[in-house]
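Undergrad: need coordinates for the below:
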Amino acid sequence: MSESNRSSSSTYITAAAVSVAVGLAAYAVYFDYKRRNDVEFRKKLKKEKKRLEKTMAASEKNEPTPAFTPAELREVLTQLKQEAPPASPEEKEGYFMSQVGLGEQLAAQGPAFHLPAAMAFYRALRVYPSPVELIVIYQKTIPEAVFKIVMDLTNLDVSIAAEEQEPTLAGRIDEEEVEPPASPLQGPPSETSSSQEWDKITDPSGYYDYFPPKKMNVSIVTREGPTMRQVLVLSKDVAAGEVIYKEHPVVTALDPDLQALGTYCAHCLRPIDPEMSLSLTDESHTFPQTYCSKSCMLSSKSQSHTLLFTLENPLPAELAAQSAAMGGLPSTVLEARQEAQEKFAEFVKARGKTIPLLVAKFIARQVAIETQKLANSNALGSSALGGPSPAKKTASTEGDFTDADGTSDGYTLSDHIERLRYLEIDRDEEEEKLLIEVLRLALPGLEEFMTAQKHAIVSGKMAYNAFGVCYGGGRDDRPDPTTRPEDTERTRTPYGTSRQIGTAFYTLSSYLTHSCVPSARPSFVSGTSEVSIIANRDLKAGDELTIAFVDVTPNEKVTVTEDGELVTNIETTAECRRRRRYELARGWRFACQCERCKEEAEGLTLEEKGGASAEEEKDESKIEEVAKKAVQIGKDVPPAGEVE
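TA: Residues are numbered from 1 along each chain as shown. Predicted structure coming up:
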C-alpha cells in the first residue's frame, strides 16, 4: 500500500476513533450479547470470515481494476448516504450479514464488479458496532483493490463532513430526535471491542487458564454441592501468617458520613491529614472529593469522576482534543449535565449507602477502559495498515485491579464480572433513572448500555461481593443504619460492616467463600484499599481459601439489671451462632453449613438454632445463565470477540 494510502487510512482511523467514542448505542450491546451468548451467531461470523478469505483468493486476477474519479466516488457516496440504514438491532444484524455476503459474491466476479462489491462492504461498515476493528479486518480479508475503494469512500466521507462542517452526533443530542448516522464514522463501539479477528478461536474454557494470574498463588476450581460454584484453592503450601496474595480493587467508595470530612482518600481510602490533602471542590465538581496524592486524584478522574461528576470531556486525552476540534457540547447540554449530576449526587448522599456509588463507578470504569482502547486503536489501525506496531497495552497496570495474565488477549471487566455470583434485588427505579441521565448527557447513547436488567445485576453483584475496608480492627463511630434489617447494606469483613470506613470491589477476592472457621483473613495492612489475604493456619496446595464474611467471634453484650445496673457479658455459643447466621442470611441469603455451625448445632435445641428454616441448606445467590451453562458443561464463556 502506498504512503499516501497509509496516511489517509491513518487519518480515517483517527477520525473514526473520535466519532465512535461519542456514544455506546444499543446495537453495540446487542451485537456483543449475541456474540457472547448465541453459538449460531458466532458460527455465522466465522463462516462469513472464511467465505471472505475464499473471495479474496478467487478474485486475485491480472485484470486491471477500473479507476474512479473523485467526482464518481462522490456520486456513489451520495447514493449510499441517502439509503436509510436499518433501525432495530435485529434488522442491523441481518443487514450486516447480507451486505458482507453480497460483497464477497460480487468481488469474486472480477474487477468489473469491484465497485458494487465495495459499496456492499461499505454498507456493512455503516452498521458494524466497531468500525475501526472492521477496517482492520477488511484490510486483511478482502481484495486490495476493493479495500482501496472502501477506504476512498470513507476518506471522502470524512473530507465532505469537514468541508460542510457537519455537526457531530454530540452536537445534536439536545434535539428531540437524532437521525441514525449516515456514516460508519459515527457508529458506536461495542462494549468489548478488544478483539481483532472474527475467528480468534481458543479453548472455550481458557478464561481460567489466564485468570487468576499465576503470581497470585491461587486458582479457581468448580466444587460440587447443593449449588455448583467456583472457589479459590491454593497452588502452593503456605504457613500461618503468610500473605497469600495482595489485590487492588476495581472501584471503591467511602462511607457516606466520611465523604465530606476529608479524612480519607476518596480513591485509595488511605487515612489522611485534611491539611495535607488535595481536593476537587470547585463548582464544576458536583461531588466534592479529597485525595491523598496527585496520583490518586488523576486516577479517580480518569476512571470515573470526570464522567460522573464534572463537566469535563470524559474521553481519553488522545480523543478529547480531537473531539473538541470537531465541536463541543452546547451550553444547554452542559447545564443539563450538571443538573443531572447534582441530582444523582444528592441521591447518593441521602441514600446513605455505598452500593449506588460503586455501581456508577464500575460502569464509568468500563467506559473509560473501552474508550481508551479506541484511542489506542489509532496506533493499532496504523500498524495493521502498514505503520509501526504499537506496544502491547493491558487493561490492568501496576496498582490496578487483578486482570488475566499478560499472555491472554481479549478479556475485559465484563468477562470478569459476568462470572461472579449476585443477589436478586428489588429494582430501584429512581437510582436507575438518575444514573442513566448522567450517562446519557456525558456520552450520548451510553444510556442504551445501562439497561434496567444490567443495572439490577451489577447492583446485585456489588451487594454480594463487596468488601468492607477496616483499619486496625475498624472504627466505633459509624452511624447506625436507618433502614429495615433486610435492606441494610452488608459487606464482607470479619470485623462487621458497622466498623468499616468504606467499600471495595475486587475481581479475584470475590471468589472467596465464607466459613465460620476461615482458613484466611482479609487485611488492609498497607493502609489503603489494597487487600492482603493472609493464612490463618498452615495450608497445603489444593486447600480451599475461605474468609469470614461477618464477625464470627463471641461479642460482648450489655444488659440492664432490675436495679438499673449495666452488665457486660459475652455471647453464649447459641447466641453467637444465631447472630452470625442471621447476618449471613440477611446479607448473602444462605445458611452456613461449615463444620463449626454443624458441630455447635448438635447440642442446641430447635429454639436455640433459630427454628428449622435457619438450618435448611439453601443459597439464594445467582449466577448469570451464560456462565452457569458454561460451568455445567465443563466449558467457559469465550473472551470478548471470540467465536466458535
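Undergrad: hmm, residue 627 is touching residue 416, no?
TA: No - look at residue 627 against residue 416 with C-beta atoms under 8 Å: they stay out of range, at 11.1 Å. C-beta here means a position set from N, CA and C on the backbone, and glycine is covered the same way.
Undergrad: who has more neighbours out of the two?
TA: residue 416 (21 against 18; other C-beta atoms under 10 Å).
Undergrad: may I ask which helix or strand encompasses the more buried one?
TA: In this assignment (DSSP states H and E), residue 416 forms part of helix 413-417.
Undergrad: and that helix, what does it pack onto?
TA: helix 355-384 (3 or more C-beta pairs under 8 Å, 6 or more residues apart in numbering; DSSP states H and E).
Undergrad: just the mean pLDDT for the helix it packs on, thanks.
TA: Mean pLDDT, helix 355-384: 77.
Undergrad: likewise for stretch 509-522?
TA: Stretch 509-522 comes out at a mean pLDDT of 98.
Undergrad: hey, C-alpha coordinates of it in CSV?
TA: Extracted C-alpha coordinates of stretch 509-522, given in CSV (Å, rounded to 0.1, in the frame of the first residue of the first chain):
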residue,chain,number,x,y,z
SER,A,509,-11.2,-11.9,46.1
SER,A,510,-14.9,-12.1,45.1
TYR,A,511,-14.4,-15.8,44.7
LEU,A,512,-13.5,-16.2,48.4
THR,A,513,-16.3,-18.1,50.2
HIS,A,514,-17.4,-17.8,53.8
SER,A,515,-16.6,-20.1,56.7
CYS,A,516,-17.1,-19.5,60.4
VAL,A,517,-13.6,-21.2,60.8
PRO,A,518,-11.9,-19.4,57.9
SER,A,519,-8.6,-20.5,56.5
ALA,A,520,-7.6,-17.0,55.7
ARG,A,521,-8.5,-13.4,56.6
PRO,A,522,-8.6,-10.1,54.6
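Undergrad: for it, which residues meet the burial criterion?
TA: 509, 510, 511, 512, 513, 514, 515, 516, 518, 519, 520, 522 (16 or more other C-beta atoms under 10 Å).
Undergrad: counting only strands, which of these make the cut?
TA: 513, 514, 520, 522 (DSSP state E).
Undergrad: ok, these vs residue 314, which is closest?
TA: residue 522 (32.3 Å; C-beta to C-beta).
Undergrad: what's opposite the closest one in the beta bridge?
TA: residue 533 (DSSP bridges).
Undergrad: mind checking which helix or strand of the chain has the lowest mean pLDDT?
TA: helix 3-20 (a mean of 35; mean pLDDT, DSSP states H and E).
Undergrad: distance of residue 228 from residue 621?
TA: Per C-beta to C-beta, to the nearest Å, residue 228 is found 12 Å from residue 621.
Undergrad: and for the nearest residue to residue 362 once chain neighbours are set aside, the neighbour number?
TA: Among residues not flanking residue 362 along the chain, residue 251 sits closest, at 5.1 Å (C-beta to C-beta, 6 or more residues apart in numbering). Neighbour count of residue 251, defined by other C-beta under 10 Å: 25.
Undergrad: bridging residues for residue 251?
TA: Beta-bridge partners, per DSSP bridges, of residue 251: residue 505.
Undergrad: got the contact list for residue 119?
TA: 76, 80, 153 (C-beta atoms under 8 Å, 6 or more residues apart in numbering).
Undergrad: hang on, the earlier thing: which one of the ones in strands among the buried residues of stretch 509-522 sits closest to residue 545?
TA: residue 520 (5.2 Å).
Undergrad: domain parsing of this structure, as residue ranges.
TA: Under the assignment automatic domain parsing, the domains of the chain span 24-168, 211-550+627-634.
Undergrad: distance to residue 561 added to the ones you listed, as a markdown table?
TA: What follows is those, written out as a markdown table (distance: least, C-beta to C-beta, whole Å):
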| stretch | distance to residue 561 |
| --- | --- |
| domain 24-168 | 62 |
| domain 211-550+627-634 | 24 |
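Undergrad: worst average pLDDT in the ones you listed?
TA: Taking the mean pLDDT of these, domain 24-168 comes last: a mean of 73.
Undergrad: residue boundaries of the strands in the stretch 201-350 of the chain?
TA: With DSSP state E, counting those that start in this stretch, the ranges of strands along the stretch 201-350 of the chain come out as 218-223, 229-234, 243-247, 251-254, 278-280, 289-291.
Undergrad: what about residue 308, neighbour count?
TA: 25.
Undergrad: no no, residue 84
TA: 9.
Undergrad: same check, this time on the one 5 residues further on
TA: Here the neighbour count serves as a burial measure; for residue 89 (other C-beta under 10 Å) it reads 20.
Undergrad: with residue 486 instead?
TA: Residue 486: 9 neighbours (other C-beta under 10 Å).
Undergrad: for residue 570, same thing?
TA: 11.
Undergrad: ok, it - contacts?
TA: Contacts of residue 570 (C-beta under 8 Å, 6+ apart): 554, 555, 556, 557.
Undergrad: kindly report the same for residue 499.
TA: 468, 470, 473, 474, 475, 476, 478, 493.
Undergrad: for burial, what's the neighbour tally of the closest residue to it other than its chain neighbours?
TA: Nearest non-adjacent residue to residue 499, counting by C-beta to C-beta, 6+ apart: residue 474, 2.5 Å away. Using other C-beta under 10 Å, the number of residues around residue 474 comes to 19.
Undergrad: how about residue 428?
TA: Neighbour number of residue 428 under other C-beta under 10 Å is 17.
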